[in-house]
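Novice: Next comes the sequence, and after it the predicted model I'd like to discuss.
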Amino acid sequence: MAKSDPNLDLCFSALGDPTRRMILHRLARGDASVSELAAPHDMALPSFMGHLRKLEEAGLVISTKQGRTRICRLAPDAFTPARDWLTEQRDIWEGRLDRFDDYVTDLMKERSK
């Protein structure tokens with residue numbers, strides 16, 4: 001079994017929560033303040049900040065302070081590790097399915113003889 005990549009684990013863990021995915025969806029439209037991001041969610045600010053922390057730990061979101069306001073934005077290439085891993089998995093499975101198709105085709109040829 002391949003060794004687990006801790007950064008990839010953090011990324012998928014962060015993506016596993018619908019609140020965090022909604023935050024990312026909003027940030028895909030542009031930078032936003034914490035209060036703007038928190039507004040549509042029915043939760044206490046400390047709980048919401050936990051979601052932001054998880055996204056930052058995963059390298060998906062970057063926040064900076066502008067005066068008294070914390071502004072969040074998507075990290076550049078935030079989804080590259082997840083995309084690369086998914087692409088690798090797709091390539092593996094496409095190869096397996098191609099080999100299986102070849103096997104079935106050969107089997108059918110043998111039966112038709």
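Specialist: Alright, I've got the coordinates. Numbers count the residues shown, from 1 in each chain.
Novice: Quickly find the element holding Arg70.
Specialist: With secondary structure defined by DSSP states H and E, Arg70 is part of strand 69-74.
Novice: Skip ahead from that strand and say which helix or strand is next.
Specialist: Under the assignment DSSP H and E, the closest C-terminal helix or strand after strand 69-74 is helix 80-111.
Novice: can you list the domains in this protein?
Specialist: Per automatic domain parsing, the structural domains of the chain span 1-75, 79-113.
Novice: Among those domains, show me which one is buried the most.
Specialist: domain 1-75 (a mean of 14; mean count of other Cβ atoms under 10 Å). All C-beta atoms are positioned from the backbone trio N, CA, C, and that covers glycine.
Novice: which SSE is the spatially closest residue to Met43 that is not a sequence neighbour in?
Specialist: Closest residue to Met43 in three dimensions, ignoring its sequence neighbours and counting by Cβ to Cβ, 6 or more residues apart in numbering: Thr19, at 7.7 Å. Thr19 is part of helix 18-27, with elements assigned from DSSP H and E.
Novice: now the angle from that helix to strand 69-74?
Specialist: 90 degrees (axes from the mean of the first three to the mean of the last three Cα atoms, to 10 degrees).
Novice: Which neighbouring elements make contact with helix 18-27?
Specialist: With contacts defined as 3 or more Cβ pairs under 8 Å, 6 or more residues apart in numbering; DSSP states H and E, the packing partners of helix 18-27 are helix 6-15, helix 34-38, helix 45-57, strand 61-66, strand 69-74.
Novice: which outside residues touch the last one?
Specialist: Outside strand 69-74, the residues that touch it by Cβ atoms under 8 Å, 6 or more residues apart in numbering are 23-24, 27-28, 30-35, 37, 52, 60-65.
Novice: where does the chain have low pLDDT?
Specialist: 1-3 (pLDDT under 70).
Novice: follow-up on the earlier one: among the helices and strands packed on helix 18-27, which is nearest Tyr103?
Specialist: Proximity of the helices and strands packed on helix 18-27 to Tyr103 was assessed by Cβ to Cβ; the nearest stretch is helix 6-15, lying at 31.9 Å.
Novice: Residues touching that closest one, excluding its own?
Specialist: The contact list for helix 6-15, computed with Cβ under 8 Å, 6+ apart, reads 20-21, 24, 54-55, 57-60, 79, 81-82, 85.
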